[in-house]
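K.L.:
how would this look folded up:
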Amino acid sequence: MSKIDIEKIVKLSDSDWLKLRDFSKAITASLKSKLPGDWYLSDDDIQGAVYGTFVKLLSEYRPGARGPVSYCWQYGEVRTLGALMAEYRRLKKGV
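P.N.:
Prediction:
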């Protein structure tokens, strides 16, 4: 889903996109220390996974008390870590 597709669902300003970019960098740095030591992922690989999580979160977002950017911040790291660890387990099992 591209930026244009997301904006059909959620309206984000340029400032919001810049915040999401900054959040993705912070989450990437945090995740590097939480991933298994025997699984090397580059910053770009991790950041790509974070962006993928943001896209999914934005597609699930429903307006409420929390804005879409803070919704991504709240759940982005946990969801990305879960997805990456699931991939790690699949790779370790050879599936």
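K.L.:
tell me where the model's unsure across the protein.
P.N.:
Within the chain, the stretches with pLDDT under 70 are 1-9, 95.
K.L.:
mind running it again at 90?
P.N.:
Applying pLDDT under 90 to the chain flags the ranges 1-12, 59-66, 94-95.
K.L.:
what's the single longest helix in it?
P.N.:
Ordering each helix of the chain by length in residues (DSSP state H) puts helix 68-93 first.
K.L.:
checking the closest residue to Leu41 other than its chain neighbours next. Helix, strand or coil?
P.N.:
If you skip the residues right next to it in sequence, Leu41 has Leu35 as its closest partner in space, 6.5 Å away by Cβ to Cβ, 6 or more residues apart in numbering. Using the backbone N, CA and C atoms, a C-beta is placed for each residue, glycine as well. Counting by DSSP: H, G, I helix; E, B strand; the rest coil, the backbone at Leu35 sits in coil.
K.L.:
surely Leu35 meets Leu84?
P.N.:
Yes. Applying Cβ atoms under 8 Å, one finds Leu35 in contact with Leu84, separated by 6.4 Å.
K.L.:
give me the common contacts of those two.
P.N.:
Common contact partners of Leu35 and Leu84 (Cβ atoms under 8 Å, 6 or more residues apart in numbering): Leu41, Ile46.
K.L.:
these two: which is more packed in?
P.N.:
The residue with more neighbours, out of Leu35 and Leu84, is Leu84; 21 against 15, by other Cβ atoms under 10 Å.
K.L.:
measure that one to Asp14 for me?
P.N.:
29 Å (Cβ to Cβ, to the nearest Å).
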